Every structure is written in C-alpha cells, then in structure tokens.
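Asks: this one's sequence-less:
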C-alpha cells in the first residue's frame, strides 16, 4: 500500500504570469518605438537647421570677400543649395561710431513641404573705399 503523497509542485509559469510578462514587454516596446520616432524627427530638424546655417555662412563669406560693400538698406531673394530652396533677407546699416557696416542676414527654407524657421546671422564689415 502506498501512502498518499501530496502532488509534486508544478514547474513553469501560470497563464496569468505569462500575460503580465507579455504586457510589460509590449509597453516597453511601444515606448522604444515612440522614442525612435522622436529621434527621427529631431534628426530631420537638425538637417534643416544645418543647411540653413551653411547657406547663411556661405552668403556671409560672399559679402565679406566682395570688394564692393553691400548697399545700405534691405534686400531679399531666393537661392538654391543642395536641391532645396531658401529665401534670404539682408539688412545693412551704417555704424559710423565704429566705422563699419552692421549686416543682418536671415535665411529660411521655403522648399515645398519643408517650411522652417529663419536662421539669422549678424556680422560687421568695413565699408569699401
């Protein structure tokens, strides 16, 4: 005759424990996907900002190296760089107390579907002779 023994303990996880673990994993995966989307959006914004700054610095280099100084007042126009369209605005004011021209150059992207904020670069230049 065999003595009644208690059944051996069950090995493994219960269905409820598996469902809880799976839901925790799903929430963590969703958070990672959301962070990836935000990272991609920031990368695109940094790309636009960098290109605006490059366009503004290129235009500033042209203004600074041109033998003739820019005319006092405002001017604006469009320029293309890397297949993208940019609108620029230049404001030149005389600063007689320093004997220089104060120049404000503002650039923003106007490529369809890629509107952006303006990047402004302020610098000075000596007037021409």
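Replies: Arrived safely, thanks for sending. Computed from a predicted model, the values in this text were never measured in an experiment.

Asks: hey, where'd the strands end up in the protein?
Replies: Using DSSP state E, the strands of the chain run over 73-81, 84-95, 100-109, 119-125.

Asks: Tell me which strands the third one pairs with, and in which orientation.
Replies: Looking at strand 100-109 with DSSP bridges, its partner strands are strand 84-95 (antiparallel), strand 119-125 (antiparallel).

Asks: okay, those in JSON lines with mean neighbour count and mean pLDDT next?
Replies: Backbone N, C-alpha and C define where each C-beta goes, glycine included. Output for the strands paired with strand 100-109, formatted as JSON lines (neighbours: other Cβ atoms under 10 Å; pLDDT from 0 to 100):
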{"stretch": "strand 84-95", "mean neighbour count": "16", "mean pLDDT": "94"}
{"stretch": "strand 119-125", "mean neighbour count": "15", "mean pLDDT": "95"}
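
Asks: Kindly reformat those as JSON lines containing distance to residue 8.
Replies: Converted to JSON lines, those look like this (distance: least, Cβ to Cβ, whole Å):
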{"stretch": "strand 84-95", "distance to residue 8": "71"}
{"stretch": "strand 119-125", "distance to residue 8": "72"}
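
Asks: Looking at those strands, spot the one closest to residue 44.
Replies: Residue 44 lies closest to strand 84-95 among those, at 12.6 Å (Cβ to Cβ).

Asks: what's the angle between the closest one and strand 73-81?
Replies: If you take axes from the mean of the first three to the mean of the last three Cα atoms, to 10 degrees, strand 84-95 sits at 150 degrees to strand 73-81.

Asks: List of residues touching strand 84-95?
Replies: 51-52, 55-56, 59, 63, 69-80, 101-111, 114, 118, 124, 127 (Cβ atoms under 8 Å, 6 or more residues apart in numbering).
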